[in-house]
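> Give me the fold of what follows.
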Amino acid sequence: ALTTTTTTTDNNNKQKQKSTNLLLILQHILFVYILPWLCMALSLFSKEQGATLLITVVLWDFLHRFDSVLQFFRLLSQKNKPAIQFLIRTIILAIQTISLAAFRQWLNGETRPDFIFDQ
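Numbering: from 1, shown residues only. Down below sits the predicted model:
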C-alpha cells in the first residue's frame, strides 16, 4: 500500500511539473513574441516609426545580457545556451518586423506616403 501511494504521489508531482512547464512556455511565448508583436502592429499602423519597436526590444535585450559584441560572439562559439536563445529570439523578432512592415507597405499600395505641408 505504501509503494502505491508513493507511485501515485510521484505521478501527481510529474503531472504538476509538466503543467508548470507548459504554463511557463506559454507565458514566454506570450510576453516575448506575441505581446511585443501586437504592440508593434498597433504602433506601425499608427505611424511608420512603429517598425522600430521590436528592434528596440532586441537592442535592450542585448545590452541587458551581454557586455559587448565580442563577448556575444565568444559565447556563441562556445555554444552558450543564453547566447543561442538570444540569437533565435532575434531572428524570430526580425522575421516578425520584416513581415509586418512588408504587409504595411502592401496596404499602402506600395507607394510613398503623401505629406500635407500646409497645416
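
> going forward, measure contacts and count neighbours with C-alpha atoms only.
Noted.

> Residue 38: how many residues sit nearby?
Residue 38 has 11 neighbours, counted by other CA atoms under 10 Å.

> does it sit in a helix or strand, and which one?
helix 35-44 (DSSP states H and E).

> any chance you could map the strands in the chain?
Counting by DSSP state E, the chain has no strands to list.

> Give me the below-cutoff pLDDT ranges for it.
1-8, 10, 110, 112-115, 118-119 (pLDDT under 70).

> Mind exporting the C-alpha coordinates of stretch 45-52 to CSV?
The C-alpha coordinates for stretch 45-52 follow below in CSV (Å, rounded to 0.1, in the frame of the first residue of the first chain):
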residue,chain,number,x,y,z
PHE,A,45,-0.5,51.2,-38.3
SER,A,46,-0.4,54.5,-36.5
LYS,A,47,3.0,55.6,-37.7
GLU,A,48,5.7,54.0,-39.7
GLN,A,49,8.2,54.5,-36.9
GLY,A,50,6.4,51.7,-35.1
ALA,A,51,8.6,49.3,-37.1
THR,A,52,11.5,50.2,-34.8
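
> List the buried residues of that stretch.
Buried residues in stretch 45-52, defined by neighbour count with 16 or more other CA atoms under 10 Å: 50-51.

> How far off centre is that stretch?
18 Å (CA atoms, centre = their mean, to the nearest Å).

> again with stretch 59-66
Taking CA atoms, centre = their mean, the mean C-alpha location of stretch 59-66 is offset from the chain mean by 13 Å.

> Show me what the helix holding residue 38 packs onto, helices and strands only.
Judged by 3 or more CA pairs under 8 Å, 6 or more residues apart in numbering; DSSP states H and E, the packing partners of helix 35-44 are helix 53-65, helix 81-107.
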